[in-house]
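# Predicted model follows, preceded by the sequence.
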Amino acid sequence: MSVVPDSLRFGPTALPPFMPSTYCNPLTIPSYPRGKYTFAPYNRPEAWGWLQEAPRDFRELADPTVLWHEGRWYLFPSCGMAWVSEDFVTWTHHPIEPFDAGYAPTVAHYRGRFLMTASKAGLWEAPHPLGPWRHVGPIVTPSGAAPESWQDPMIFPDTDGRLYLYWGISAPGIFGAELDPERPERMLTEPRILFEFDSAHTWERAGDHNECTHRNFNEGAWMLKIGATYYLTYAGPGTEWKSYAMGCYRGDSPLGPFVYDESSPFCTKTDGLVQGPGHGCIVSGPGDTLWAFYTCRVCFEHVFERRIGMDRVRVREDGRLEVVVTETPQFAPGRGAAGEAGEAGEGPGWSP
């Protein structure tokens with residue numbers, strides 16, 4: 001019996017006769033959900049972060065995890081799940097249960113099944129990215145305790161079959177631990193802090209202009225392995241500032257030690273339509289390409305009013321990551337081939 005939902009049974013006529021060649025940031029995603037803080041009474045303490053004198057509706061998608069599976073991208077962001085793209089331009093909404101597992105969900109394919117967790121949440125598993133999802137239990141340390149600073153998690157299956165977990169927001173730092181492959185809701189190793197906020201890294205300082213030397217929200221850890229090198233990427237200094245960006249540490253082991261990459265932030269933009277390209281992921285795409293999906297700020301009604309963007313990731317000869325954040329049309333993955341100028345992740349030479 002197939003576990004693929006009926007809504008995702010792509011047949012020979014599933015794609016339109018015209019496949020779009022370009023995308024533009026922020027991404028056009030249908031069914032944007034209401035921001036979580038629109039559900040909190042305005043005069044209550046939990047009604048935090050409003051930027052207008054009276055509360056109004058705003059939309060929110062952020063902190064994207066994207067899964068590359070069987071030639072499709074599956075998007076799992078904060079505030080609602082999930083979206084699917086087969087042409088890498090058009091996204092279709094496929095609501096799953098849980099629809100909103102918590103901020104910053106993470107999904108990974110491991111040993112023939114899919115694992116999912118999120119901030120302040122337990123572990124789910126499923127036979128397909130769109131479910132059905134079954135709750136397994138809470139994430140716990142080897143002693144059975146809840147992990148400290150359990151937010152913004154990322155599940156990383158290594159190429160040797162071992163499984164790792166990364167998480168943390170602000171102080172005391174970004175954590176990592178190895179998971180039990182047989183019971184992935186349990187850690188095999190005690191959590192360790194992999195790195196902390198360093199005020200010497202100017203871009204990590206809070207504020208639109210990084211003016212707050214002792215305040216920071218490093219968050220959104222993501223592990224990427226290229227060859228034998230582990231790239232532990234992260235976002236800072238906070239989602240509400242236009243200085244929000246992505247940097248990384250590099251190491252030879254999934255739990256370190258890690259060395260700060262001086263090219264950080266490798267994904268940054270502080271002006272224009274797309275600002276603050278922070279908390280996100282780096283995933284594979286067609287033709288062995290790499291793509292960064294990231295949060296970008298709107299912050300008109302509320303500090304959590306956000307959208308999602310994506311751009312090509314290139315690895316320089318010295319191993320450093322490079323992302324050019326765009327706000328004009330770009331060739332989509334698998335486009336820009338013969339008959340079209342440029343290549344995926346490059347502009348076609350015209351603007352909207």
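Arrived safely. Since we're looking at a predicted model, the values are computed, not measured.
# didn't residue 52 look like it was pressed against residue 305?
No. Under the criterion of Cβ atoms under 8 Å, residue 52 makes no contact with residue 305, lying 10.5 Å away. Every C-beta, even on glycine, is put in place using the N, C-alpha and C of the backbone.
# ok, these two, which is more surrounded?
For residue 52 versus residue 305, the count of surrounding residues by other Cβ atoms under 10 Å is larger for residue 305: 22 against 10.
# Identify the residues contacting that one.
35, 58-60, 297-299 (Cβ atoms under 8 Å, 6 or more residues apart in numbering).
# cutoff 7 Å now
Contact analysis of residue 305 by Cβ atoms under 7 Å, 6 or more residues apart in numbering lists 35, 58, 60, 298-299.
# Show me how to select, in PyMOL, the buried members of those residues.
Buried residues within those, by 16 or more other Cβ atoms under 10 Å, are selected in PyMOL with:
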select buried, resi 35+58+60+298+299
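# if we take the contacts of residue 305, which one ends up nearest to residue 332?
Each of these was scored against residue 332 by Cβ to Cβ, and residue 298 proved nearest at 23.2 Å.
# Report pLDDT for that closest one.
With respect to pLDDT, residue 298 scores 93.
# again with the one 3 residues further on
Residue 301 is assigned 90 on the pLDDT scale.
# my guess is it meets residue 58, correct?
Yes. Using Cβ atoms under 7 Å, residue 301 is in contact with residue 58, at 3.9 Å.
# Surely residue 203 forms part of a helix?
Yes. Under DSSP: H, G, I helix; E, B strand; the rest coil, residue 203 falls within a helix.
# ok, now how distant is it from residue 64?
Counting by Cβ to Cβ, to the nearest Å, the gap from residue 203 to residue 64 is 21 Å.
# surely residue 251 meets residue 231?
No. Using Cβ under 7 Å as the test, residue 251 is too far from residue 231 to be in contact (8.5 Å).
# who has more neighbours, the two?
Taking other Cβ under 10 Å, residue 251 and residue 231 do not tie; residue 231 has more neighbours (21 against 15).
# residues in contact with the closest residue to that one other than its chain neighbours?
Distances taken as Cβ to Cβ, 6 or more residues apart in numbering put residue 224 closest to residue 231, at 4.3 Å, once the chain neighbours are dropped. Residues near residue 224 by Cβ under 7 Å, 6+ apart: 231, 233, 282.
# Next step: these restricted to strands.
The strands, defined by DSSP state E, take in 231, 233, 282 from the contacts of residue 224.
# now the last one, which residues is it bridged with?
On DSSP bridges, the residues paired with residue 282 through beta bridges are residue 292.
# can you check the first one too?
Using DSSP bridges, the beta-bridge partners of residue 231 come out as residue 224, residue 250.
# what helix or strand is residue 310 on?
Counting by DSSP states H and E, the element that carries residue 310 is strand 306-315.
# What are the contacting residues of that strand?
Under the contact criterion Cβ under 7 Å, 6+ apart, strand 306-315 has outside partners 25-27, 29, 60-62, 64, 77, 226, 239, 274, 277, 282, 289-298, 321-326, 344-345.
# Quick one: buried ones out of these?
With burial judged by 16+ other Cβ under 10 Å, the buried subset of the contacts of strand 306-315 is 25-27, 29, 60-62, 64, 77, 239, 274, 277, 282, 289-298, 321, 323, 325-326, 344-345.
# Looking at those residues, which are in strands?
Using DSSP E, the buried ones among the contacts of strand 306-315 in strands are 62, 64, 77, 282, 289-297, 321, 323.
# Now the two most distant members of those.
For those, the maximum inter-member distance is 26.0 Å, found between 289 and 297 (Cβ to Cβ).
# distance of the closest residue to residue 167 other than its chain neighbours from residue 75?
Closest residue in space to residue 167, ignoring its immediate chain neighbours: residue 153 at 4.2 Å, by Cβ to Cβ, 6+ apart. As for residue 153, its distance to residue 75 is 17 Å (criterion: Cβ to Cβ).
# Kindly report the same for residue 305.
Per Cβ to Cβ, residue 305 is found 19 Å from residue 75.
# Ok, residue 263 next?
27 Å.
# More neighbours: which of the two?
For residue 263 versus residue 75, neighbours defined as other Cβ under 10 Å are more numerous around residue 75 (25 against 14).
# did I read that right, the more buried one in a strand?
Yes. Assessed with three-state DSSP, residue 75 lies in a strand.
# Please verify my assumption that it contacts residue 68.
No. Using Cβ under 7 Å, residue 75 is not in contact with residue 68; the gap is 10.9 Å.
# now residue 189, nearest residue through space, not along the chain?
In space, and not counting its chain neighbours, residue 189 is closest to residue 178: 4.6 Å by Cβ to Cβ, 6+ apart.
# tell me which strands and helices the one helix or strand the one you found maps to is in contact with?
Per DSSP H and E, residue 178 falls inside strand 174-179. Applying 3 or more Cβ pairs under 7 Å, 6 or more residues apart in numbering; DSSP states H and E, one finds that strand 174-179 makes contact with strand 163-167, strand 192-195.
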